[in-house]
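Colleague: Here is a sequence together with a model predicted from it:
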Amino acid sequence: MRTVDAAGLEIGDDHPPRIMGVLNVSKESPYKPSVFNDPSEAAEYVDRELIDEGADIVDVGLESANKRLDVLSAEDELDRLDTALSVLDSVSGDAVFSIETRYHEVAEAALDGGFDMVNDICGFADPEMPRVCEEFDAAVAKMASPPDLTRPGAIEEVDDIYDALELNGFTDKTILDPAFGGWSEAKTLEHDRETFDRLREFRGYGYPILVSINRKNFLRDVAGRSTEEALPVSLAATSMAVERGVHIVRTHDVKETRDAALIGHEFKRRRVREPGDVSVEELDVTTPGEAARHLDRVGANRDVAAESVTRVFELEGLGADDREALAAAAGDAGAVLAAGDTGALLVGSPAALARVSTLVTDASDALEAALETVERATN
């Protein structure tokens, strides 16, 4: 996993999670507390409510990306950029400033005027965007989107989201955003839940990850909460996201989100990372799907993905004959049956456990049913 330097702010596995606070200079944005058209008032908000509360990055939006609203042209966004640039001149606190846009012309003007990074909500649908970011040596958050400047984030299936992130390639300072939220009419809450469940897979590209999950519908729905009541579910998800390998959390609730992110960081898996003539990095892989993404990245055969993780199942109620038959089959399959006085643990990769079922002989009906359960759980 590479580390991205965003104007001196290091983003990656070896650094704390970064918090991205939000400022909007777009009157149509739905979260009104973050909306300003007066630069001095906006700067005061940024200093008091974002930077002082722990925001490392301030993301400035020039228009609402709500799918129900008309899309502004690059010229319209440039008209609003003057206000955003005036805010930068008035802010006293220290943060990385990001411009949210889909147009390379706007990104270029913003970076030239003092912004530090770009948040591209159309994920390089404008093919000139990566060139501009590279010329300014700027970090860029790239949200998974179709090749259409009018439809940011309008992808539903997780595999399609993953593939969309490749659109027009990557820069050395790309940060990936899997696009949580209702960006299209076809996208369901279940799509977002599956994306969240499979977050670690997005590490397969080897770039830092940004998520925007603050008070999102797929979290509110779990607990039956309104937007106003949804802070607790957002914070729970923030800790889980960081534990699963996310590096930046975009939020309107900066102070609380910072604390939740730090808890996730404190208790995440500790992996070995040793540079040297032969560098060593232990990958955060918990499923064959996650392993397959990394195998694709290094150009290896993804057939070995099913051998790349270990599963452990406890079996109770095995008779002596079943235990003996299962132990023999496990050994031949490359798995292990560790039997004790009260039960047994069946340990192996999904591939090895699948082989166990085919190698067991003279199994009772009860053991056959148990092995079918194991096989279903590992698929």
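Modeller: That came through fine.
Colleague: and Pro127, helix, strand or coil?
Modeller: Recorded secondary structure, Pro127: coil (DSSP: H, G, I helix; E, B strand; the rest coil).
Colleague: the strands in the stretch 1-150 of the chain, which residues?
Modeller: Ranges of strands in the stretch 1-150 of the chain, per DSSP state E, counting those that start in this stretch, are 4-6, 9-11, 18-24, 57-61, 96-101, 117-120, 139-143.
Colleague: Make a markdown table from those strands and add distance to Phe313 to it.
Modeller: C-beta coordinates here come from the backbone N, C-alpha and C atoms, glycine included. Shown next, in a markdown table, are the strands of the stretch 1-150 of the chain (distance: least, Cβ to Cβ, whole Å):
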| stretch | distance to Phe313 |
| --- | --- |
| strand 4-6 | 39 |
| strand 9-11 | 38 |
| strand 18-24 | 38 |
| strand 57-61 | 43 |
| strand 96-101 | 46 |
| strand 117-120 | 44 |
| strand 139-143 | 39 |
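Colleague: Nearest to Ile213, out of the ones you listed?
Modeller: strand 18-24 (11.8 Å; Cβ to Cβ).
Colleague: Just checking, which helix or strand of this structure averages the lowest pLDDT?
Modeller: Lowest by mean pLDDT, DSSP states H and E among the helices and strands of the chain is strand 273-274, with a mean of 88.
Colleague: ok, Glu372 - contacts?
Modeller: Neighbour list for Glu372: Ser357 [criterion: Cβ atoms under 8 Å, 6 or more residues apart in numbering].
Colleague: Name the SS class of it, please.
Modeller: Going by three-state DSSP: Glu372 is helix.
Colleague: Would you convert the strands of the stretch 1-150 of the chain into JSON lines that also reports mean neighbour count?
Modeller: Formatted as JSON lines, the entries for the strands of the stretch 1-150 of the chain read as follows, by neighbours: other Cβ atoms under 10 Å:
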{"stretch": "strand 4-6", "mean neighbour count": "20"}
{"stretch": "strand 9-11", "mean neighbour count": "20"}
{"stretch": "strand 18-24", "mean neighbour count": "26"}
{"stretch": "strand 57-61", "mean neighbour count": "26"}
{"stretch": "strand 96-101", "mean neighbour count": "26"}
{"stretch": "strand 117-120", "mean neighbour count": "29"}
{"stretch": "strand 139-143", "mean neighbour count": "28"}
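Colleague: Of all those, which one is nearest Asp160?
Modeller: Of all these, strand 139-143 sits nearest to Asp160, with 13.6 Å by Cβ to Cβ.
Colleague: and the angle from that closest one to strand 57-61?
Modeller: Following axes from the mean of the first three to the mean of the last three Cα atoms, to 10 degrees, one obtains 60 degrees for the angle between strand 139-143 and strand 57-61.
Colleague: Just checking: what are the partner strands of the least confident helix or strand of the chain?
Modeller: Using DSSP bridges, the strands paired with strand 273-274 are strand 280-281 (antiparallel).
Colleague: in the helix or strand just after the strand it pairs with, what counts as buried?
Modeller: Note on strand 280-281: by DSSP states H and E, the next helix or strand toward the C-terminus is helix 288-298. Under the neighbour-count criterion of 16 or more other Cβ atoms under 10 Å, helix 288-298 has 288-295 buried.
Colleague: do the same with stretch 357-374
Modeller: So for stretch 357-374, counting by 16+ other Cβ under 10 Å, buried means 357, 360, 363, 367, 370-371, 374.
Colleague: Then stretch 169-179?
Modeller: Residues 170-171, 173-179 are the ones in stretch 169-179 that count as buried (16+ other Cβ under 10 Å).
Colleague: would you turn those residues into TSV with secondary structure and distance to Val46?
Modeller: As requested, the buried residues of stretch 169-179 are exported to TSV (DSSP: H, G, I helix; E, B strand; the rest coil; distance: Cβ to Cβ, whole Å):
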residue	secondary structure	distance to Val46
Phe170	coil	29
Thr171	coil	26
Lys173	coil	23
Thr174	strand	25
Ile175	strand	21
Leu176	strand	26
Asp177	strand	22
Pro178	coil	27
Ala179	coil	25
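Colleague: And those residues, which two are furthest apart?
Modeller: Longest span within these, Cβ to Cβ: Lys173 and Ala179, 19.4 Å.
Colleague: quick revisit: I'd like the strands of the stretch 1-150 of the chain written out as a markdown table, with mean pLDDT and distance to Val46 added.
Modeller: Shown next, in a markdown table, are the strands of the stretch 1-150 of the chain (pLDDT from 0 to 100; distance: least, Cβ to Cβ, whole Å):
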| stretch | mean pLDDT | distance to Val46 |
| --- | --- | --- |
| strand 4-6 | 98 | 17 |
| strand 9-11 | 98 | 16 |
| strand 18-24 | 95 | 6 |
| strand 57-61 | 96 | 6 |
| strand 96-101 | 97 | 9 |
| strand 117-120 | 98 | 15 |
| strand 139-143 | 98 | 18 |
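Colleague: among those, which is nearest Glu256?
Modeller: strand 18-24 (10.1 Å).
Colleague: Domain parsing of this structure, as residue ranges.
Modeller: Each domain of the chain is listed here as a residue range: 4-268, 310-378, per automatic domain parsing.
Colleague: Between its first and last residues, how far does the last one reach?
Modeller: The stretch domain 310-378 measures 10 Å between its terminal residues, going by Cα to Cα, to the nearest Å.
Colleague: With the longest one instead?
Modeller: The stretch domain 4-268 measures 20 Å between its terminal residues, going by Cα to Cα.
Colleague: Tell me how far it lies from the chain's centre.
Modeller: When distances are taken as Cα atoms, centre = their mean, to the nearest Å, domain 4-268 is centred 11 Å away from the chain's centroid.
Colleague: So Gly264 sits against Glu243, correct?
Modeller: Yes - the criterion here is Cβ atoms under 8 Å, and Gly264 meets it with Glu243 at 4.5 Å.
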